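Asker: okay, here's the prediction I keep looking at, along with the sequence it came from:
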Amino acid sequence: MDPKQRAGVGQRVTIGVRPEGFLLTPQVGDPAVVEVVEELGSEAFVYVSIDIEGTTKRVTVRTAPEVVPKRGERLGLETRPGSAYFSISKPESESLLEVRAKGIALR
């Protein structure tokens, strides 16, 4: 196996972020549109849509109850440092290699 294969070059990468790993910001980060707000007392779940390379994706963001945006509001979407996880399929096996990231913006 050549070095590129061992490093995962050309392999499919899956990025995972839990709802509490996202941050809604006034105008920083990727633009997100608030679709639904679910207020649950001690927390709220905000369902936003973002455009990634021409495809609309839906993301769930967990926020504090005092930081609840309104439906239709346009905000920035970022990840908190250390909250993104990458899974790379290793060519020699079906096991996954997880690497903890230091923070990303969805672009």
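Answerer: Thanks, I have it. Numbers count the residues shown, from 1 in each chain.

Asker: CA atoms for contacts and neighbours, from now on please.
Answerer: OK.

Asker: secondary structure class for Pro81?
Answerer: Assigned by DSSP: H, G, I helix; E, B strand; the rest coil, the conformation of Pro81 is coil.

Asker: that one: neighbour count?
Answerer: Neighbourhood size, Pro81 [other CA atoms under 10 Å]: 13.

Asker: likewise Pro69?
Answerer: Pro69: 17 neighbours (other CA under 10 Å).

Asker: show me what contacts Ala32?
Answerer: Val48, Ser49, Ile50, Asp51, Arg74, Leu75, Gly76, Leu77 (CA atoms under 8 Å, 6 or more residues apart in numbering).

Asker: mind listing what's buried in stretch 37-45?
Answerer: Neighbour counts over stretch 37-45 (16 or more other CA atoms under 10 Å) mark Val37, Ala44, Phe45 as buried.
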